[in-house]
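> fold the following, please.
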Amino acid sequence: MLYIGLLLLVGSLLAGTHRYAAIAKLFVQFSARKLLWLLLAFVAALFVFSFLANQLSELAGLPFPLHLPYLVGRTSIAAGVNGLPITIPLYMGFTGAFAVAVLAAILGIVARQYQQGFLCEERH
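Next comes the predicted model:
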């Protein structure tokens, strides 16, 4: 993720030079799309993992019900071992790091659109 951000930054800086405009366009297009797709793949994988964990717990015949929240939420797992009840609270949510990733993806898309407009103005 860090390297993709650096590619986006370098591409944005090189976009102002005539000599490196072609490579700058390539850097920005690649990194802007990659940030967005990484973010979408992470959310999709998290959802699929939660779904599979919920389905497999029922199919595997666990002695306790396992119902994970999908993406955001709270739940608890209650089980008993030798007559001793155990309750495990679970919390699932997005942190500030996820907000930074969303912001980086949005800035990547904006940078790509800005660069396309900037390059079109230079050609005319």
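> all helices of this protein, in order?
2-14, 21-59, 96-123 (DSSP state H).
> who's in contact with stretch 34-45?
Residues lying outside stretch 34-45 but in contact with it, judged by CB atoms under 8 Å, 6 or more residues apart in numbering, are Met1, Ile4, Gly5, Leu8, Leu71, Ala101, Val102, Ala104, Ala105, Gly108, Ile109. Where you see a C-beta, it was placed from the backbone N, CA and C, and this is true even at glycine.
> give me the buried entries from the residues you listed.
Judged by neighbour count, with 16 or more other CB atoms under 10 Å as the criterion, the buried members of those are Ile4, Leu8, Ala101, Ala104, Ala105, Gly108.
> in stretch 14-28, which residues are buried?
So stretch 14-28, judged by 16+ other CB under 10 Å, has buried residues Leu14, Ala15, Ala21, Ala24, Lys25, Phe27, Val28.
> typo on my end, stretch 45-52
For stretch 45-52, using 16+ other CB under 10 Å, the buried residues are Ser50.
> average pLDDT across that stretch?
Per-residue pLDDT over stretch 45-52 has a mean of 90.
> once you drop chain neighbours, what's closest to Phe30?
Leu7 (6.6 Å; CB to CB, 6 or more residues apart in numbering).
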